[in-house]
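Undergrad: with the sequence up front, the predicted model follows.
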Amino acid sequence: MQLIRQIKAYRKKNIDKYLGLRIFLAAFFPIFMTLITELNQMRSIPKLLKFIIDRPTIILFDIIIISAIYATFLFFTKRTYLSTLFTGVMFFVFSCVEYFKYEAGGTHFTIVDMLLITDAHTITKFTRVYLAPILCVTGVIMLAYIVATFFFSIELKMKYHFSALAGLMTIVILMFSIISPAVSTTVYGIFDVDTQDNLNMFKSDEKFNNNNLIAYLTQSVSALTQNKVREPMGYSEEKVIQILGNNYDDAIDGDFIRPNVVFIMSEAYTDLRRFDGVDIPDSVYSGLDEVAKKGHRGMGIVPTIGGYTVKTEFELMFGVPIKSLNNYELPQNLLKEGEQATFADYYDSLGYSTTYIHPFNKSFYNRDKIYSEYGFDELLFLEDLIPDIEQQDEHRFRQFTDDKIIFDEIEKQLKEHDSPCYIHATTMQNHKPYQTEEFPGDEIELYLEGIEHSNELFADFVNRLEDFDEPTIVLFIGDHFPMFYYESGFYEDAQISSDNCFSLYEQEYVIWDNFGVDYSKTPDNAVSSFYLPHIVADLIDAPKNTFMNIIMGKMEEVPVYTITGFNDSEIDAVLDTIAYDRTKGDKYSYYNREKEIEEYVSTK
C-alpha cells in the first residue's frame, strides 16, 4: 500500500511538471510503434532503415494508421498511458504473429487470420514459437515506453460523451477510408501502397516486401471487404432453371451397384519427384506407385498452396469451384445456416452411410459446427477416434496423429455398416512443422520420411481392400503443396519463383477400385479438384442429377477453373451462378436435385 501511495503521489506531482516530456511521449508514440512493429517482422535494423529510405510514403501511411487507432483509444479512455498500452500491445501481437506465421509457412498475416483467433492455441502447434531475441528486446523497450507514459501521462479534460463521440468519428473515418473502394484506391495511390491481388504465396511475398506489415494488413481489410462474394448478375430461380434445363428425368442416369466411396485428402501431400534439382529416393513414393498401377493416376489442380486445407476440402465436398467465390480463404464461413448441398448429402439420399474423419481438434475451422450441416451421419475427430488423451500421444507420427489411425478407421467403418459407405477422410500426419527442436534434421528429409510412411500405409490399406467382399472405390489426393522454411533451399534447388510456381497447384490424384471400373472415360488432362467428386460418381454410374451433368459438361469446356495467376480461365457465368446458388444463394439447383433423386429412388 505504501508503494501504491508513493506511485500515485509521484504521478500527481508530474501533472504540473514535465509538460514538454508528456507531450513528446504522447505525440511520438505512433512513430515509435511503427518502427517497433516493422522491426519485429523485419528482424534487422539495417533492413528497416533501407525500407524507410526507399519507401518513405509507406512509413508515413503506417504512422497515420497507428495514429488513428491510437487517437481512438485515447478518446475512449481519455488517458495517454491506456491508449499507449492498448495500441502497443495490439500491434506488438500483430508483429509477433507475422514473425512466426511467415517463418513457419512463408505466408503473411492478413485480416482473415483474425477469424481464427479462437484457435490461437491450436495454431501454435503449426509453427516454432520461441523467445526470439529481437522480440524480447523490442518488448522490453515497448514496456519501458508504456511505463514512462504511465508516470508522465496526459488526461483529456473534455466530457466523456464528447470524447467518445470523437473516438467514434475517428474510427468511422478510418474504416471508411479503408473500406470504400473509391476512397481507398485514392489513398493507396497517394501513399504508393501495393494493391496487387495475392494470387499465390510468391506474389503475396512481393506485395509484402513493398508494403510491410502495417500497410499490408490494412490493405487486406480493403481486399476482404471489396472482394466479397456478390450475387451473380441476373441470379434468380428462373436463371438457375434455365441453366439446368427442365428435363429432370433425362438427367437420371442408369443403375449402379452402390459401391463404397472413399475420399482420402492427405495433409500437405505432394510428389516432389516432378521438380528438377531435387533428389528423391525411389522408395519414398513406391507405395503410391504400387496403387496407381492398379488403378488410375491423374492430375488435379487445387485452389491453394501451403495452407488453407479447407479450400480443397470444400471443392471435394461441394463439387463447385472456389474461384466462383472469389477464392475466399475460409469458404465454409460463407454458407448460410441449414442443410448444405454437398456430396455427403447426395450419397445420403441414395441410402449411403456418410462419415467424415479428421484426427485433429474438432473446433479448428469450426468443423464440428459447420460440417454438422453437410449431410454426414457421423463426424469423427481426434477426441472421438482416441478419447484417452494419453493414448493420443502414443498414436502420433512426430507431432500429429499417425495416418494409420485414419486407414484403420476407414476400414472399420466399411466393415461395420450394412449399407454402402461414403467416407471423406482428411489426414493430419504430415502437417508442418517438420523440423523442430524435438525432431531436428534436414527439413526435406523429415518431410519425405512422413510421406513414405503415408504411402506404405496407403498401399497396405488398398491391399486389404482387394480381398474385401464389398465393391469399393478410393480417391487419394493431397490437399496442397507443403510449405518449407526458406532456409531449406528447396525453392532455390527446384528453381521455383513467382514466374513459374503454377506447378505448386498441381496435385496428382490416384483412383483405385476392387470391382473392375473402366477408367477409359477419366480425363487425361489436368482438371480442377472440384471436378473429382463428379468424376468418381461418373465412374461408378451413380444416378447423376442435372447439376452433376452440367458440371461434367463444363469439365470438357473449362477443365481448369482456379485462380493461380497463370493463364487463368475467363469468368464462366454458368459455373459462377451454380457455385453461388449452392453455397450463398437459395439453392434452387439443390432442391431440384432432391426432386430428381426422389423420382429415381421411387423406381427402385
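TA: Alright, I've got the coordinates.
Undergrad: who touches the helix or strand harbouring residue 146?
TA: According to DSSP states H and E, residue 146 maps onto helix 133-151. When contacts are defined by Cβ atoms under 8 Å, 6 or more residues apart in numbering, helix 133-151 is touched by residues 10-11, 14, 25-26, 29, 32-33, 36, 39-40, 43, 80-81, 84-85, 88, 92, 96, 99. Glycine gets a C-beta too; all of them are placed from N, C-alpha and C.
Undergrad: what's the per-residue pLDDT of residue 530 here?
TA: Here the pLDDT value assigned to residue 530 is 97.
Undergrad: I'd say it and residue 315 touch.
TA: Yes: assessed by Cβ atoms under 8 Å, residue 530 is found in contact with residue 315 at 3.8 Å.
Undergrad: with neighbour numbers in mind, choose between those two.
TA: More crowded of residue 530 and residue 315, by other Cβ atoms under 10 Å: residue 530, with 30 against 27.
Undergrad: list the contacts for the more buried one?
TA: So residue 530 contacts 315-316, 318-322, 551, 561 (Cβ under 8 Å, 6+ apart).
Undergrad: now do the contacts for the closest residue in space to residue 334 that isn't next to it in sequence.
TA: Closest residue to residue 334 apart from its sequence neighbours, by Cβ to Cβ, 6 or more residues apart in numbering: residue 584 at 5.4 Å. Residues counted as contacts of residue 584 (Cβ under 8 Å, 6+ apart) are 229, 231, 325, 334-336.
Undergrad: kindly recompute the last result at 7 Å.
TA: Each residue near residue 584 by Cβ atoms under 7 Å, 6 or more residues apart in numbering is listed here: 229, 334, 336.
Undergrad: among these, which one has the most neighbours?
TA: residue 229 leads the contacts of residue 584 on contacts (other Cβ under 10 Å) with 18 neighbours.
Undergrad: isn't that one up against residue 333?
TA: No: counting by Cβ atoms under 7 Å, residue 229 sits too far from residue 333 to count as a contact (10.7 Å).
Undergrad: quick one on the thing from earlier: report the buried members of the contacts of helix 133-151.
TA: Neighbour counting by 16 or more other Cβ atoms under 10 Å classes 25-26, 29, 32-33, 36, 39-40, 80-81, 84-85, 88, 92, 96, 99 among these as buried.
Undergrad: dump the helix holding residue 146 to PDB, keeping only the CA atoms.
TA: Listed next in PDB are the C-alpha coordinates belonging to helix 133-151 (Å, rounded to 0.1, in the frame of the first residue of the first chain):
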ATOM      1  CA  PRO A 133      15.900 -12.200 -29.200                       C
ATOM      2  CA  ILE A 134      14.600  -9.300 -31.400                       C
ATOM      3  CA  LEU A 135      11.100  -9.700 -29.900                       C
ATOM      4  CA  CYS A 136      12.500  -9.800 -26.400                       C
ATOM      5  CA  VAL A 137      14.500  -6.600 -26.900                       C
ATOM      6  CA  THR A 138      11.700  -4.700 -28.500                       C
ATOM      7  CA  GLY A 139       9.200  -6.000 -26.000                       C
ATOM      8  CA  VAL A 140      11.300  -4.600 -23.100                       C
ATOM      9  CA  ILE A 141      11.700  -1.200 -25.000                       C
ATOM     10  CA  MET A 142       7.900  -1.000 -25.600                       C
ATOM     11  CA  LEU A 143       7.100  -1.900 -22.000                       C
ATOM     12  CA  ALA A 144       9.500   0.800 -20.800                       C
ATOM     13  CA  TYR A 145       7.700   3.300 -23.100                       C
ATOM     14  CA  ILE A 146       4.300   2.400 -21.700                       C
ATOM     15  CA  VAL A 147       5.600   2.700 -18.100                       C
ATOM     16  CA  ALA A 148       7.000   6.100 -19.000                       C
ATOM     17  CA  THR A 149       3.600   7.300 -20.300                       C
ATOM     18  CA  PHE A 150       2.100   5.900 -17.100                       C
ATOM     19  CA  PHE A 151       4.200   8.200 -15.000                       C
END
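Undergrad: give the next helix or strand downstream of it.
TA: helix 160-179.
Undergrad: in that next one, what's buried?
TA: 163, 166-167, 170-171, 174, 177-178.
Undergrad: I'd like these written out as JSON lines, with pLDDT and distance to residue 542 added.
TA: Formatted as JSON lines, the buried residues of helix 160-179 follow (pLDDT from 0 to 100; distance: Cβ to Cβ, whole Å):
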{"residue": "163", "pLDDT": "90", "distance to residue 542": "65"}
{"residue": "166", "pLDDT": "91", "distance to residue 542": "63"}
{"residue": "167", "pLDDT": "91", "distance to residue 542": "59"}
{"residue": "170", "pLDDT": "93", "distance to residue 542": "58"}
{"residue": "171", "pLDDT": "93", "distance to residue 542": "53"}
{"residue": "174", "pLDDT": "93", "distance to residue 542": "53"}
{"residue": "177", "pLDDT": "92", "distance to residue 542": "52"}
{"residue": "178", "pLDDT": "92", "distance to residue 542": "47"}
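Undergrad: need these in a markdown table (columns: distance to residue 301).
TA: Listed next are the buried residues of helix 160-179 as a markdown table, based on distance: Cβ to Cβ, whole Å:
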| residue | distance to residue 301 |
| --- | --- |
| 163 | 54 |
| 166 | 51 |
| 167 | 48 |
| 170 | 45 |
| 171 | 41 |
| 174 | 39 |
| 177 | 37 |
| 178 | 33 |
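Undergrad: in the stretch 351-500 of the chain, what residue spans correspond to strands?
TA: 353-358, 378-381, 396-397, 400-401, 421-426, 472-478 (DSSP state E, counting those that start in this stretch).
Undergrad: let me see the mean pLDDT of the longest one.
TA: Across strand 472-478, pLDDT averages out at 97.
Undergrad: before we move on, the earlier item: now, which of the buried ones among the contacts of helix 133-151 sits nearest residue 132?
TA: residue 99 (6.7 Å; Cβ to Cβ).
Undergrad: excluding chain neighbours, what is closest to that closest one?
TA: residue 41 (5.3 Å).
Undergrad: what residues does the helix or strand hosting the one you found touch?
TA: Under DSSP H and E, the secondary-structure element containing residue 41 is helix 19-42. Helix 19-42 has contacts (Cβ under 7 Å, 6+ apart) with 45, 48, 59, 62-63, 66-67, 70, 80, 84, 87-88, 91-92, 94-96, 98-99, 134-135, 138, 142, 145, 148-149, 152-154, 212-214.
Undergrad: closest to residue 452 out of the strands of the stretch 351-500 of the chain?
TA: Here strand 396-397 is closest among the strands of the stretch 351-500 of the chain (Cβ to Cβ), at 11.1 Å.
Undergrad: just give me how far the helix holding residue 41 sits from the chain centre.
TA: Computed by Cα atoms, centre = their mean, to the nearest Å, the chain-centroid distance of helix 19-42 equals 34 Å.
Undergrad: extract the C-alpha trace of it and format it as PDB.
TA: In PDB, the C-alpha atoms belonging to helix 19-42 read as follows (Å, rounded to 0.1, in the frame of the first residue of the first chain):
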ATOM      1  CA  LEU A  19       4.700  19.200 -19.800                       C
ATOM      2  CA  GLY A  20       7.100  19.000 -22.700                       C
ATOM      3  CA  LEU A  21       8.100  15.400 -21.900                       C
ATOM      4  CA  ARG A  22       4.500  14.400 -21.500                       C
ATOM      5  CA  ILE A  23       3.500  15.900 -24.900                       C
ATOM      6  CA  PHE A  24       6.600  14.400 -26.600                       C
ATOM      7  CA  LEU A  25       5.800  10.900 -25.200                       C
ATOM      8  CA  ALA A  26       2.200  11.100 -26.400                       C
ATOM      9  CA  ALA A  27       3.000  12.600 -29.900                       C
ATOM     10  CA  PHE A  28       6.000  10.400 -30.700                       C
ATOM     11  CA  PHE A  29       4.300   7.100 -29.800                       C
ATOM     12  CA  PRO A  30       2.800   6.500 -33.300                       C
ATOM     13  CA  ILE A  31       6.200   6.900 -34.900                       C
ATOM     14  CA  PHE A  32       7.800   4.700 -32.100                       C
ATOM     15  CA  MET A  33       5.200   1.900 -32.600                       C
ATOM     16  CA  THR A  34       5.500   2.000 -36.300                       C
ATOM     17  CA  LEU A  35       9.200   1.400 -36.000                       C
ATOM     18  CA  ILE A  36       8.800  -1.400 -33.400                       C
ATOM     19  CA  THR A  37       6.100  -3.200 -35.400                       C
ATOM     20  CA  GLU A  38       8.100  -3.200 -38.600                       C
ATOM     21  CA  LEU A  39      11.400  -4.000 -36.900                       C
ATOM     22  CA  ASN A  40       9.900  -7.100 -35.200                       C
ATOM     23  CA  GLN A  41       8.900  -8.700 -38.500                       C
ATOM     24  CA  MET A  42      12.000  -7.500 -40.500                       C
END
